[in-house]
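Participant: Test case, fold it:
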Amino acid sequence: MEIEITKTKIEPKSHKMKEPVKTEPTPDKHYDAYYTHHMEAFEKFNSRGNMSIDMLSFLIGKQWDDVALAYIHALRPSSIRVTTGMKTLDCRTWRVTVIVDVNDLIKSIQQEVEVGLPESVAHGQALSIALKYGIDSEQCQWHSGEHEGYLVSPEGYFKRTKDGWVKFPSPEDPFEEAGKEI
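Facilitator: I've put the predicted structure just below:
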């Protein structure tokens with residue numbers, strides 16, 4: 001088998017970076033401000049909420065030990081809890097929860113975080129719904145407005161309003177991908 005090698009002259013392209021077009025962010029599009037080749041100071045959202053997000057997925061299935069704990073260090077947790085699944089629904093910002101099985105193999109790692117809330121998103125759980133269904137979706141807007149609380153039952157996900165209980169507008173389980181906290 002013969003291999004023929006040829007030389008090709010490559011002309012260098014201009015090394016000048018094009019300046020990105022800087023636009024003023026519109027009230028509903030905060031992300032526009034960050035299109036830049038260097039960096040832009042982060043401006044926090046006016047409204048914030050809490051939620052848990054999955055972290056360090058490459059550790060799932062690994063042993064809970066000092067190596068795993070060393071990676072947890074990178075999350076800069078305020079506290080850590082390790083459990084086989086039972087946990088309280090209080091929110092301790094930056095706390096890391098490691099769920100392990102009976103053999104101390106990691107099943108999940110979640111961190112309780114503070115998130116920014118865009119104008120039409122009511123709370124952290126609604127941010128998860130906005131990611132899944134869209135920020136202007138019926139499912140995301142369902143969380144807005146006056147209500148007295150939420151209920152999760154075998155029949156579905158409900159909110160209590162002054163007019164009674166209102167079911168979440170979806171045939172799917174809203175917690176399947178959107179998290180499990182309320």
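Participant: got a list of what residue 167 touches?
Facilitator: Residue 167 makes contacts with 155-158, as judged by CB atoms under 8 Å, 6 or more residues apart in numbering. Heads up, the C-betas are built off the backbone N, CA and C, glycines and all.
Participant: Tell me how far it lies from residue 140.
Facilitator: Residue 167 sits 15 Å away from residue 140, going by CB to CB, to the nearest Å.
Participant: before we move on, what about residue 97?
Facilitator: Going from residue 97 to residue 140 by CB to CB gives 26 Å.
Participant: What are the boundaries of the strands in this structure?
Facilitator: For the chain, the strands defined by DSSP state E cover 48-54, 80-83, 96-100, 106-116, 149-153, 156-161, 164-167.
Participant: Which of the helices and strands in this protein ranks last by mean pLDDT?
Facilitator: Here the helix or strand of the chain ranked lowest by mean pLDDT, DSSP states H and E is strand 149-153, holding a mean of 77.
Participant: who wins for most neighbours among the contacts of residue 167?
Facilitator: residue 157 (21 neighbours; other CB atoms under 10 Å).
Participant: Grab the nearest non-local neighbour of it.
Facilitator: Distances taken as CB to CB, 6 or more residues apart in numbering put residue 168 closest to residue 157, at 3.9 Å, once the chain neighbours are dropped.
Participant: The one you found against residue 152, yeah?
Facilitator: No - taking contacts as CB atoms under 8 Å, residue 168 lies outside contact range of residue 152: 9.4 Å.
Participant: neighbour-wise, which of the two wins?
Facilitator: Taking neighbours as other CB under 10 Å, residue 168 and residue 152 compare with residue 168 leading, 20 against 13.
Participant: tell me the contacts of that one?
Facilitator: Applying CB under 8 Å, 6+ apart, the residues near residue 168 are 139, 142, 156-159, 174.
Participant: ok so, going back, would you turn the strands of the chain into JSON lines with distance to residue 63?
Facilitator: Output for the strands of the chain, formatted as JSON lines (distance: least, CB to CB, whole Å):
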{"stretch": "strand 48-54", "distance to residue 63": "19"}
{"stretch": "strand 80-83", "distance to residue 63": "12"}
{"stretch": "strand 96-100", "distance to residue 63": "9"}
{"stretch": "strand 106-116", "distance to residue 63": "8"}
{"stretch": "strand 149-153", "distance to residue 63": "33"}
{"stretch": "strand 156-161", "distance to residue 63": "35"}
{"stretch": "strand 164-167", "distance to residue 63": "42"}
